[in-house]
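Engineer: Need a 3D model of the sequence below.
(chains A, B, C and D, ligands or ions: 2)
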Amino acid sequence: MADPKHGIRVTIPSDVSYLEPIRTLIREIAALAGLHRDAASEVELAVTEGCANVIRHCYCNSDREPIDLTFAFAAGVFEVRIDDYGKFVDPSRIKSRPLDEVRPGGLGVHLMQKVMDEVTYTKNSWGGTSLTMRKRLARPGQEGPRKDRSGR
Amino acid sequence: MADPKHGIRVTIPSDVSYLEPIRTLIREIAALAGLHRDAASEVELAVTEGCANVIRHCYCNSDREPIDLTFAFAAGVFEVRIDDYGKFVDPSRIKSRPLDEVRPGGLGVHLMQKVMDEVTYTKNSWGGTSLTMRKRLARPGQEGPRKDRSGR
Amino acid sequence: MTIQVKRENLPQATVVSIGGSVDIYSSPELRGELKVALDGKVKRLVIDMGGVSFVDSSGLATLIEALQKVQAYSGTLLLCNLSAKVLGVFQLANLDRIFQIRETRAAALEG
Amino acid sequence: MTIQVKRENLPQATVVSIGGSVDIYSSPELRGELKVALDGKVKRLVIDMGGVSFVDSSGLATLIEALQKVQAYSGTLLLCNLSAKVLGVFQLANLDRIFQIRETRAAALEG
Ligand SMILES: Nc1ncnc2c1ncn2[C@@H]1O[C@H](COP(=O)(O)OP(=O)(O)O)[C@@H](O)[C@H]1O
Ligand SMILES: Nc1ncnc2c1ncn2[C@@H]1O[C@H](COP(=O)(O)OP(=O)(O)O)[C@@H](O)[C@H]1O
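Structural biologist: Numbers count the residues shown, from 1 in each chain, chains lettered A, B, ... in the order given. Ligands and ions are numbered 1, 2, ... in the order given. Next comes the predicted model:
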């Protein structure tokens, strides 16, 4: 169980039909966190790419393995963690194709890195892969938690 | 972790500001499950009431305790389980006021029982309270999973 | 915010218009807005729920509280513009028999 | 469904209009619709993305695949009506330099 003080944790099956509901949830949580709509869209994209990679590369397209998503926000940073229950993969092997070698595919990791401020792969406590992505809340004067107590 | 084959599991803090995002998520999951929009609204109401009761009666309005929500659908039934980490409460003590004793409050459990087909309180494996609510998908001819593989 | 509340003083009544979700999160805000009208003991209070998309038992509790206060000083409280969904929640709790409910704001202003 | 796809044969071009989310869930449906046009080796294929609210790398992959097939038989593929958000995703991947992108459908039909 996630530390509830840090936001919300969701477990979905590795089924691509759950990604649209997750994007909707991200929009709502991002609003609670005070994230700008455009920034929320970018988080939606990064999470879609991260989950798609878990489904395809870690779970070989099986649609019934678990994916844990943990959303946290504090101190002007919105954080998403995607945890799988597969084998930990050497992070140096996780990278997109060069942009000028145009072909279908090979762009997911690049997009995540472009839209998020930080993208880190680590081994989680049960030996799977943990993908942590952070986005700083821009323009602190205009943004901020919807209510003080939501900003934890 | 929930069995991912059975849908989606969410852990939120016991903070009332999370109930709106949860309702939005329910609408999305209900669409995946093939639940009618009106039925989905009723599930939204029941889950709001169930969580509100956990927040007020189990966690004494603390906003940083965990609440686990598990959504599952199979065989024409949409199921929601709400698990808390408090003390198990004798289910016979959980009931609303008589409807004709009009006063503010005392309606939550009644509403849950009205809109859901089944409302059951049990002790969960860690000694807290588990509230399981089920709703049958009406009109099987018209409703059904959005796609075959979503209907697990 | 998930709720919008507006208060207007018309010749016939004080009208409080609500939009959004009236739930355990937002009903304290509604209670505050109603308190102003109730403290002033307005004779006729109309609550226009045209914009309300969701109401839970906390929202109902807030409205029952207002009704009881209005009745205590012999005023009138009317609700109007409830969507079928919101009216359904009142009916589940038999509250459609307790509240005076009108279809339109015009009807509520008339009586 | 999360995607809507429509195909029309106009005198100037075959137009495929897309609405909704083009992601790993829905792009197989788009690929199927494009296949019909590509198998017919249509000279000029316009993809109107006016209704697209979200695109991910699977959506981009589907469009790159279509572009490469059109180029293989010396046809023309044009995209039009991209929202700022969707265009932004193309730009992140430098694909705004690979695709012929027009602001309006009229411009895409003209060339
Ligand atoms: N979760 C993951 N587990 C294992 N390998 C991964 C994972 N994510 C990405 N990779 C590796 O990184 C490569 C680049 O990923 P990406 O840029 O998303 O493009 P694509 O998935 O289309 O190949 C993948 O082909 C794969 O080899
Ligand atoms: N999760 C819970 N834990 C402990 N007691 C509960 C719980 N839910 C409900 N109850 C008890 O049942 C009563 C009726 O609940 P409800 O009908 O929702 O009305 P209200 O919460 O407004 O009193 C509560 O007053 C409380 O005593």
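Engineer: Spatially nearest residue to A:His57, not counting backbone neighbours?
Structural biologist: Once flanking residues are discounted, A:His57 sits nearest to A:Val89: 7.6 Å by C-beta to C-beta, 6 or more residues apart in numbering or on different chains. Every C-beta, even on glycine, is put in place using the N, C-alpha and C of the backbone.
Engineer: Tell me the secondary structure of that neighbour, please.
Structural biologist: Under DSSP: H, G, I helix; E, B strand; the rest coil, the three-state class of A:Val89 is coil.
Engineer: now do A:Gln113
Structural biologist: For A:Gln113, the secondary-structure state derived from three-state DSSP is helix.
Engineer: Let me know the helix or strand that the nearest residue to it once chain neighbours are set aside is in.
Structural biologist: Of all residues not flanking A:Gln113 in the chain, A:Val119 sits nearest, at 5.1 Å (C-beta to C-beta, 6+ apart). If you go by DSSP states H and E, A:Val119 is part of strand A:118-123.
Engineer: do that strand and ligand 1 meet at all?
Structural biologist: No: residues of strand A:118-123 contacting ligand 1 under C-beta under 6 Å from any ligand atom: none, with a closest distance of 7.9 Å.
Engineer: what mean pLDDT would you report for that strand?
Structural biologist: For strand A:118-123, mean pLDDT is 98.
Engineer: Is whatever helix or strand comes next after it positioned near chain B?
Structural biologist: Sequence-wise, the next helix or strand downstream of strand A:118-123 (DSSP H and E) is strand A:129-136. No: figure legend: strand A:129-136 not in contact with chain B (C-beta under 8 Å from any C-beta of the partner chain); closest approach 14.4 Å.
Engineer: top strand in chain C by residue count?
Structural biologist: The single longest strand within chain C, with elements called by DSSP state E, is strand C:44-55.
Engineer: send the alpha carbons of the following helix or strand past that one over as CSV?
Structural biologist: Following strand C:44-55 in sequence order, the next helix or strand is helix C:57-72 (DSSP H and E). Output of helix C:57-72 as CSV, limited to C-alpha atoms (Å, rounded to 0.1, in the frame of the first residue of the first chain):
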residue,chain,number,x,y,z
SER,C,57,-26.1,12.8,1.9
SER,C,58,-23.9,15.7,3.1
GLY,C,59,-25.6,17.9,0.6
LEU,C,60,-29.0,16.7,1.6
ALA,C,61,-28.0,17.3,5.3
THR,C,62,-27.0,20.9,4.5
LEU,C,63,-30.4,21.5,2.8
ILE,C,64,-32.4,19.8,5.6
GLU,C,65,-30.5,22.0,8.1
ALA,C,66,-31.5,25.1,6.1
LEU,C,67,-35.1,24.0,5.8
GLN,C,68,-35.4,23.5,9.6
LYS,C,69,-33.9,26.9,10.3
VAL,C,70,-36.3,28.6,7.8
GLN,C,71,-39.2,26.8,9.4
ALA,C,72,-38.0,27.8,12.8
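Engineer: Packing partners of helix C:57-72?
Structural biologist: Here helix C:57-72 touches helix B:37-53, strand C:14-22, helix C:27-39, strand C:44-55, strand C:76-80, going by 3 or more C-beta pairs under 8 Å, 6 or more residues apart in numbering or on different chains; DSSP states H and E.
Engineer: again, only using 10 Å
Structural biologist: With contacts defined as 3 or more C-beta pairs under 10 Å, 6 or more residues apart in numbering or on different chains; DSSP states H and E, helix C:57-72 has these neighbours: helix B:37-53, helix B:108-115, strand C:14-22, helix C:27-39, strand C:44-55, strand C:76-80, helix C:84-92.
Engineer: Check the offset of the longest one from the chain's centre.
Structural biologist: Pointing back at helix B:37-53 there. On the basis of C-alpha atoms, centre = their mean, to the nearest Å, helix B:37-53 is displaced by 6 Å from the centre of the chain it belongs to.
Engineer: Pull out the buried residues from it.
Structural biologist: Residues of helix B:37-53 classed as buried by neighbour count (16 or more other C-beta atoms under 10 Å in any protein chain shown): B:39-53.
Engineer: Just the closest of those to D:Ser57, please.
Structural biologist: Closest approach to D:Ser57 among the buried residues of helix B:37-53 (C-beta to C-beta): B:Ala40, at 30.9 Å.
Engineer: from memory A:Arg9 sits against B:Pro66, does it?
Structural biologist: Yes: the criterion here is C-beta atoms under 10 Å, and A:Arg9 meets it with B:Pro66 at 8.8 Å.
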